[in-house]
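Chemist: predicted structure and sequence below. I'll ask about it afterward.
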Amino acid sequence: MLAQLDTERLESGDASKREVPDLAVERLFNSSTAASRFLQAELELNARLQMLSFGNPVRYTYNPLEYAWETHQCYVENYCQEGQSVLFLGMNPGPFGMAQTGVPFGEVKAVRNWLKITGRVGRPADEHPKRRITGLDCTQSEVSGARFWGFFQELCGEPNNFFRHCFVHNLCPLIFMSESGKNLTPPELPAAERDALLSCCDSALCRVVTALGISMVIGVGKLSEQRARRALSEAGISVRVEGIMHPSPRNPLANKGWASVARDKLDQLGVLGLLTR
């Protein structure tokens, strides 16, 4: 049913509506790899999110799992694999990261040059004039993403050394903006809209953790950590939930040496050894 819903929605001639080709959807639902299980969960989340609406202060809502599906699918199919036990969890896309590339913390240079992600990136149907989507051609760097992937590049050398045990995901795939173009995080939404949104995202996270056999979720920032702990606990899923500092430049502590803090915390959690062997 979901595959039919998505393919019918995406068969129009509008380029912004052709993000997930029908054959790709059919192939996903006939496969049992870790990557296909993950993408199935995301397509089902997308179908639920399409039923939601957002009012003030939200004026623009982008979903890179629609218009940047090709690059997102490239990321998942290249790097989501059996045996990964650690899930790094962000909250939602940044305007110059995943919003442009379809990859969590997806700073463009890291996505192109280290992760080697390719694919077409379309555009949302309703774009803010100051927040245009230019995809892998975006010239603005997202500091959080550059710090995040730059740290793991220096630590691991090759992407496969990271993804052998770890994967990176966002709790919510949507990015919200006000009339002025200001980025709005899910906690800043009106209570009813926030709760409806996060209820959908919590359910999808529980499915992802179960489908991939994750044993530890590491929230990147307090919001992701707290939300994951609550969602998984309420669902009765026995998974260790921890957290690391968010690399955002709005965090004064992160600006004083985020990589050093992250390394020490991962060492404490017993994850560092998985990445440096």
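Modeler: Looks like it came in fine.

Chemist: going by C-alpha atoms from here, please, whenever you check contacts or count neighbours.
Modeler: OK.

Chemist: how about low-confidence regions in the stretch 1-150 of the chain?
Modeler: Low-confidence segments of the stretch 1-150 of the chain, defined by pLDDT under 70: 1-31.

Chemist: again, 90 this time
Modeler: By pLDDT under 90, the low-scoring segments of the stretch 1-150 of the chain are 1-32, 130.

Chemist: could you pull out the helices for it?
Modeler: 2-9, 22-28, 34-49, 64-67, 69-79, 98-101, 108-109, 143-156 (DSSP state H, counting those that start in this stretch).

Chemist: quick one: buried residues of the last one?
Modeler: The neighbour-count criterion (16 or more other C-alpha atoms under 10 Å) identifies 143-153, 155-156 as the buried residues of helix 143-156.

Chemist: residue contacts, A211?
Modeler: Contact partners of A211, counting by C-alpha atoms under 8 Å, 6 or more residues apart in numbering, are 34, 37-38.

Chemist: hmm, I was thinking of T276
Modeler: By C-alpha under 8 Å, 6+ apart, the contact list for T276 reads 155-156, 161.

Chemist: mind putting those residues in JSON lines, pLDDT and distance to P252 included?
Modeler: Shown next, in JSON lines, are the contacts of T276 (pLDDT from 0 to 100; distance: C-alpha to C-alpha, whole Å):
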{"residue": "L155", "pLDDT": "95", "distance to P252": "23"}
{"residue": "C156", "pLDDT": "96", "distance to P252": "26"}
{"residue": "N161", "pLDDT": "96", "distance to P252": "30"}
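
Chemist: next, give phi and psi for the most centrally placed residue in the chain.
Modeler: Nearest to the mean C-alpha position of the chain, counting by C-alpha atoms, centre = their mean, stands N170 at 3.2 Å. N170 adopts backbone torsions of phi -110, psi 140, taken as degrees, to the nearest 10.

Chemist: now do the same contact list for the residue nearest to it when sequence neighbours are not counted.
Modeler: Spatial nearest neighbour of N170, excluding adjacent residues (C-alpha to C-alpha, 6 or more residues apart in numbering): G90 at 4.5 Å. Residues counted as contacts of G90 (C-alpha under 8 Å, 6+ apart) are 104-105, 168-171, 219-221, 224.

Chemist: may I ask which of those residues has the most neighbours?
Modeler: In terms of neighbours by other C-alpha atoms under 10 Å, these top out with F105 at 31 neighbours.
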